[in-house]
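# for reference, the sequence and a predicted model appear below.
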Amino acid sequence: MESSATTSLISTPMSSIESDAPELEAKLQDLKKYIALGCLRLDHALSSDHNNTRSDWKELVHHDLPEKVKVIIGNEAARLLEARWIRMFANSCDITVTSLARIYLLPEDWGRKFIDRNSKNLKTALRSLLRHVDISLEAWSGQHFPRTIQHFDPWATAENVSLFYLFNKLPSPAPASEKIKSRYSRRAVEDLLDSVAYDPADGVEDPPVPGLKSKLYPYQARSASLMVQREAAPQLQLDPRFDVRQSPNGETFYFGARDGSFVKEPKFYEANRGGILAETMGLGKTIICLSVILATKGHLPQIPATYQTPPPIRSRVGSLKTMAASILGRHAIPAKHEVEQYEAYGDLDLRDLKDVLEQNTPCYEIPLDLPRMNRNTVIPPPRQLVMCAGTIVVVPRNLLHQWQSEIRKHLTKDALKVLVVDTVPKRAKKSSALTVEDDGYVMDFTNDLPPPTKLMRYDVILFTRNRFEQEVRHGTDEKGRRLGFGAPRSCNCPYIGASNIPDCTCKGQVYESPLRKLHWLRVIIDEGHHFSSSVSNAVLVSKQLEVERRWIVSGTPAKDLVGAEVDLTSIEEESNDAKLTRELAIEQRKAFTLDDENTKAAKALGTLASNFLMVRPWAACSGESRLDWDEYIYRHEHIHNKTYSGFSACFRRTLEGLVVKTRPEDVARDIQLPPKRHRVVYLKPCWFDKMVQNLFVQVLRANAITSERSDVDYLFHRNSAKARHSLIRNLRQSNFTWTGFSVDDVATTLETSARYLAKEDKNCSAEDAQSLLESCQAISTLLESESWKALSKAHEVGIAVENWPVDSEESFALSYAEKPTVIGITQLLQGQSHVDHQILSDDPSEGLDVVGKVAKAKLAEIHEAETKTKTKEDVKITGNEELHKAGVPSSAVGASPLTSRRASAMVTKSLPIKPVTTHTKANTKREPVTPIKTEHSSTVPDTSATPSHPKSSTIPRKRKLTLSDEIARLPSTSPLANTHIIGTSSAKLSYLLTKVVHHAPTSKILIFYDGDNTAFYLAQALELLYINHRIYARTLDNATRAAYVAAFSADPSIRVLLIDVACGALGLNLNAANIVLIVNPINRPGIEAQAIKRAHRIGQTAKEVLVETLVLEGTMEEAIFKAAKRMTRQQHVQAKELEDDAGIVDIIQNARVLPVGEGEGEGVQKFARLEVPQRVFGREGRERYHHYLGRREEKGKAAKKAKMRGKGEDEEARGGSGDTPRRPVVEPFTAPPEEAAAVEGLQAGPTSQPITLSIFGGPPSH
């Protein structure tokens, strides 16, 4: 490095004091204090008659510089030289008239005592000079003719890649236990890593992690170990305002792009003790968290250095164990846990040591900010907190049971003490804690939090998010008002130890949350991406708590921010080279774009970092303001404005310091999931499917042409979004089945179209007129189809049955004399139940005709009432311009039609229907029933009017079924044995039934549906086949959903789980299933991948996971599905609704009529055939189906067992719906009687019970 001779003193504001001059000169001559910035290329040769020469580099000293030289180096360099901010060394070329000048910059973190560094003019001059600086090694070594010129980058170091790319390129966890100073945390990390090799078969009694009975995969152990390492030994993170740069001479310096500052020793922040566990869904994030909790069991948080106080001065000398206990607590030594381990291993009684440790529980005080003083001011006391080794876990309500199951699955019985805190069920009273034991696993359940001393005894406090949010009421009275400082206490409860913290949760004037009286070790938020809000109650509560370690657990920490392997889940066929496929997928989304996918996800991560994780300097801390997230994670190429030109290196460093995620290739080395086969099944639509599709095409064409594609009458007008989305939603439902169009709707649309085509002044092209005429002709045959008209009136799925008993065929057939016999699925269930109940009688079909007549009478009643109700609704809709569209019947833009059974159930629920007949009277009067609204704003038929049809007959009484009834088989000679289902009016339903019948004996099946009617029809069909199932529906409460998931996973008799895509695609572990059937294509890739991952995840033991997506061939569904596959991710993001995409809209507007072949609408050809006809009566396996829902005795035993634990008998009889929440009983749902029997006038005699048809997986129960 060059040396320079002594230069003359230049007068500066900081050097005017002569006593400082010698010191200043000595310091400024040391080039080691400077930053070698680069070279300035000059167009003129500089004279070489200056002093301070060394070799061919000569220092330019400002006071000796001629004016000519000042002009050559430029005004900015001359001013900076004069202010002593830089030093310059020149080198001239003998061949040309050019020169190079090395620039050494004085860093801002040195020499501030002598040199003023706050001048804005000089900072501007420095920024201007930086644009001309060449930082290449060639220029620094004196080469005047370099191959390239490398200019200094005056902005933040660029990361011109997408957030998706950064996220997927994060390094896998690589824990280093030697970096941890605490021997207890270091031992925890080593134990976690050793647990991978632990095998009980080796004869080693004690596992490395006590209480963990499941063996961790290597990647799980590494992730858990890194979590502990980040908690116990957080690394120093560079101030995000600075970038790391390298000088041409190889030295490192730091540059602040936003303010143009240069330093050699920047500020570092201690990394957050926590972060985001973002392992891919299905890779065991829950067991990783449980392993971390177990490995650090008993560890205490450290008292913050700000509030550390010297040891207390005792009035007299304390005992050795008392002073030792005090010191142990003050230094966060897990002494109590160590003592308990010694007790367990050595069979010792160390109760006195534990008592003294409890008496010396560490605590500290936080002084409160003083309020504005006046004569009435009461100075508030300091806030005291007690150190607590517990972990708070907050989970969504639907995942509460899954966490409990994971604890029982992976931990030993006495591994952790768990308190489950849930919300109070509706119409229930609060109660104190309840201890529940299941197979030896003891957990406490409560609504209200116990006092702090009791909370401290638990290792895990398992909250539902709703219950956790309720702690926001801390400091308020019952009306939500907050009292001022100095409010008197309303109780005389004792204090905790020697502190001033009351040990109470009394219901006084002000609610004081026990959570705020403790300093917690850790808080874990499952599915924590929902915490990306600064104003939600859950975030506000978490910010108010004192917690040392904070973790977010989510495979998608921001919207659409997932691993590339998740995106590939929706690919139909897996590649042979999975790694190459992933790399290609990542490279395709590598480029940075300023779109919602990047900006919104980055903003969500910033909200998590600043509001929940409390990462410095993004979160405001005492004495330090927070940094603007957007200011530094992006590269802004302007001094003042934000240009968002790309991400910055600061963002990459921040992500690496926050996220714990294993790369897929590292996971693949540790585990091997079974192969996934995803295929799209294109189904040929049956005649009914085609006619429904053609009806919608006719509606769309009639609307477009008769409205002349203008004004709000046009469905695709910008102000018709609501009606358009409603129609398209119904169109999507129609791909399964649709009975919403009535005969009047068909006649009306034909009449409207014909009237318009007959107009002489119509404003449409010949092509439009021809297309409208084509669609009219396609649907005109519907008015002649008796079966279609019957199904439309009944709102039923049509079942094609062969060899139905002749005596009752007319009473059951919806279109009598047609072959095969067409029967509604609800009526078929009633007939099947009737025969199977008296299967041991001489004639099981006796009275079957009466059941059919009753069913038909009920259908006629419902249709008559629906017609009147619809007339009223049409009047309302006609007056509502928002819903009334030209050529569009109200049923096309309204809610999905209710099935006859659902309508009957809801009417019954509104006002119970009295029996039609009794055994002594032939006739009774029916109570009037008023219409009620469903959740879909549909109106249940008004049955108050006197029907024009005859009253229904008497149904024979039924006796209680015995096991003999359930296992009985029909004689082979019985004509009932030949009654079979050969097809349905839905191609998708027929295919699903075929697949379920084929796979159910050996595999469990997930069926993802979209729409309540779809679920209802599927449930009825499975009930008809005696296949045990459950429905995970959004209309159910969370407790019931959790019970269904648990039952599906645990009970081998439950073979099918129907899941609503809207609520069941996230978070659930359903690896008991290996068949996934998707009824309607999930055209959002992220949601589809999430749904598939419910089964294709760790714990899947099948040889293969089969995924099938059903698509009706040749329909709008197929065209939309293929278009959605071609859409880019950006197009998916921009389209709030898929139908908002221009390409999808074009498909719908130009939909084609499906051709109907000759004879296709006749006989069995109009149905979708089953691959194997299914027997109706006396099916095998009825005893297994009935047995599950008949566990009344077991439920009674469970109630008595709970009563022995101190709970009242009445409360337990409610089975988990009483005053206190508890672990859901693995028990199926039985629909209430009013929601079940669609058979009107069903009479229960003195010794019989009414049939209850359960739509949620149950057979007729008795």
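Cool, the structure landed.
# next, the residue lying closest to residue 360 once chain neighbours are set aside: phi, psi?
Ranked by CB to CB, 6 or more residues apart in numbering and with sequence neighbours excluded, the top spatial neighbour of residue 360 is residue 325, at 4.0 Å. Using the backbone N, CA and C atoms, a C-beta is placed for each residue, glycine as well. Dihedral pair for residue 325: phi -60, psi -40, per degrees, to the nearest 10.
# surely residue 325 and residue 356 touch.
Yes - using CB atoms under 8 Å as the test, residue 325 is close enough to residue 356 to be in contact (4.9 Å).
# compare those two (neighbour count), which wins?
In this comparison of residue 325 against residue 356, neighbours counted by other CB atoms under 10 Å, the higher total goes to residue 325 at 25 against 16.
# quick one: the more buried one and residue 362, what's the gap?
Note on residue 325: its distance to residue 362, by CB to CB, to the nearest Å, is 9 Å.
# joint contacts of these two?
With contacts taken as CB atoms under 8 Å, 6 or more residues apart in numbering, not a single residue reaches both residue 325 and residue 362.
# so where do the strands sit in the stretch 1051-1200 of the chain?
Using DSSP state E, counting those that start in this stretch, the strands assigned to the stretch 1051-1200 of the chain run over residues 1056-1060, 1075-1078, 1105-1112, 1168-1175.
# out of those, nearest to residue 979?
Residue 979 lies closest, by CB to CB, to one member of the strands of the stretch 1051-1200 of the chain: strand 1168-1175, at 7.2 Å.
# contact partners of the closest one?
683, 686, 688-689, 802, 977, 979-987, 989-991, 993-994, 997-998, 1025.
# one more time with 6 Å
Strand 1168-1175 is touched from outside by 686, 980, 981, 982, 983, 984, 987, 990, 994, with contacts defined as CB atoms under 6 Å, 6 or more residues apart in numbering.
# what pLDDT, on average, does it get?
For strand 1168-1175, the per-residue pLDDT values average out at 92.
# ok, residue 148 - how many residues close by?
For residue 148, the count of nearby residues is 8 (other CB under 10 Å).
# now do the SS call for it.
State at residue 148, reduced to three classes by DSSP: H, G, I helix; E, B strand; the rest coil: coil.
# so how far is residue 678 from it?
Using CB to CB, which is the criterion applied here, residue 148 is 49 Å from residue 678.
# now do residue 710
Plainly put, residue 710 is 44 Å away from residue 678 if you go by CB to CB.
# what of residue 1151?
27 Å.
# repeat that for residue 393.
Residue 393 sits 34 Å away from residue 678 when distances are taken as CB to CB.
# the two: which has the busier surroundings?
Counted by other CB under 10 Å, residue 393 and residue 678 do not tie: residue 393 has more neighbours, with 25 against 20.
# pull the contacting residues for the more buried one.
460, 462, 524.
# pull out the buried residues from whichever strand or helix holds it.
In this structure, residue 393 is located in strand 391-395 according to DSSP states H and E. Of the residues in strand 391-395, those with enough neighbours to count as buried (16 or more other CB atoms under 10 Å) are 391, 392, 393, 394, 395.
# of the contacts of strand 1168-1175, which pair is most distant in space?
Applying CB to CB across the contacts of strand 1168-1175, the maximum distance is between 980 and 987, 18.8 Å.
# more neighbours: these two, which one.
In this comparison of residue 980 against residue 987, neighbours counted by other CB under 10 Å, the higher total goes to residue 987 at 26 against 18.
# give me the nearest residue to that one, chain neighbours excluded.
By the measure of CB to CB, 6+ apart, the closest residue to residue 987 outside its immediate chain neighbours is residue 1168, 4.1 Å from it.
# show me the chain divided up by domain.
31-152, 987-1172 (the TED database).
# quick one: residue 365 and residue 384 touch, right?
Yes - with contacts counted by CB atoms under 6 Å, residue 365 reaches residue 384, the gap being 5.1 Å.
# could you list the low-pLDDT ranges of the stretch 1101-1250 of the chain?
1128-1141, 1186-1250 (pLDDT under 70).
# likewise the stretch 151-300 of the chain?
In the predicted model, the stretch 151-300 of the chain carries pLDDT under 70 at residues 200-205.
# and the helices in it, which stretches?
Listed in chain order, the helices of the stretch 151-300 of the chain (DSSP state H, counting those that start in this stretch) span residues 163-168, 183-194, 218-232, 285-295.
# as a markdown table, the ones you listed with mean neighbour count and distance to residue 114 would be great.
Listed next are the helices of the stretch 151-300 of the chain as a markdown table, based on neighbours: other CB atoms under 10 Å; distance: least, CB to CB, whole Å:
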| stretch | mean neighbour count | distance to residue 114 |
| --- | --- | --- |
| helix 163-168 | 22 | 43 |
| helix 183-194 | 20 | 46 |
| helix 218-232 | 25 | 42 |
| helix 285-295 | 25 | 52 |
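# so can I have TSV of those showing distance to residue 336?
Compiled in TSV, the helices of the stretch 151-300 of the chain are given as follows (distance: least, CB to CB, whole Å):
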stretch	distance to residue 336
helix 163-168	40
helix 183-194	12
helix 218-232	18
helix 285-295	16
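# which among those helices is found nearest to residue 762?
Within the helices of the stretch 151-300 of the chain, the stretch nearest residue 762 is helix 163-168; the backing value is 51.9 Å (CB to CB).
# gap between the closest one and the chain center?
Between the mean C-alpha point of helix 163-168 and the mean C-alpha point of its chain there is a distance of 19 Å (CA atoms, centre = their mean, to the nearest Å).
# what's it packed up against?
Counting contacts by 3 or more CB pairs under 6 Å, 6 or more residues apart in numbering; DSSP states H and E, the secondary-structure elements packed against helix 163-168 are helix 596-607.
# any low-confidence regions in the stretch 301-450 of the chain?
Residues of the stretch 301-450 of the chain that meet the criterion pLDDT under 70 lie in 370-371, 376-378, 425-433, 436-440.
# ok, which stretches of it are helices?
Ranges of helices within the stretch 301-450 of the chain are 320-330, 335-346, 351-359, 400-410, based on DSSP H, counting those that start in this stretch.
# deepest of the ones you listed, which one?
helix 400-410 (a mean of 20; mean count of other CB atoms under 10 Å).
# and the contacts of it?
Residues external to helix 400-410 that are found in contact with it (CB under 6 Å, 6+ apart): 214, 286, 287, 290, 395, 441, 464, 1042, 1046, 1069, 1223, 1224.
# need these in TSV with distance to residue 758, can you?
Formatted as TSV, the entries for those read as follows, by distance: CB to CB, whole Å:
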residue	distance to residue 758
214	76
286	68
287	72
290	74
395	64
441	77
464	64
1042	61
1046	63
1069	62
1223	69
1224	64
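# what's the farthest-apart pair in the residues you listed?
Within the contacts of helix 400-410 (distances taken as CB to CB), the two that end up farthest apart are 214 and 464, at 24.7 Å.
# those two - which one has more neighbours?
Here residue 214 and residue 464 are compared on neighbour count by other CB under 10 Å; more neighbours surround residue 464, at 22 against 15.
# end to end on stretch 621-637, go ahead and measure it.
Across stretch 621-637, the terminal residues are separated by 29 Å (CA to CA, to the nearest Å).
# how far off centre is it?
Going by CA atoms, centre = their mean, where stretch 621-637 is centred and where its chain is centred differ by 28 Å.
# could you pull up the mean pLDDT of it?
Stretch 621-637 shows a mean pLDDT of 85.
# repeat for stretch 123-139
Rounded to a whole number, the mean pLDDT of stretch 123-139 is 89.
# can you list the strands that the strand holding residue 393 pairs with?
Strand 391-395 has the following strand partners under DSSP bridges: strand 460-464 (parallel), strand 518-526 (parallel).
# pull that strand out as CSV, backbone CA atoms only.
Coordinates of the C-alpha atoms in strand 391-395 are reproduced here as CSV (Å, rounded to 0.1, in the frame of the first residue of the first chain):
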residue,chain,number,x,y,z
THR,A,391,-44.7,-23.0,25.5
ILE,A,392,-47.9,-21.4,24.1
VAL,A,393,-49.1,-23.2,21.0
VAL,A,394,-51.9,-21.5,19.0
VAL,A,395,-53.7,-23.5,16.3
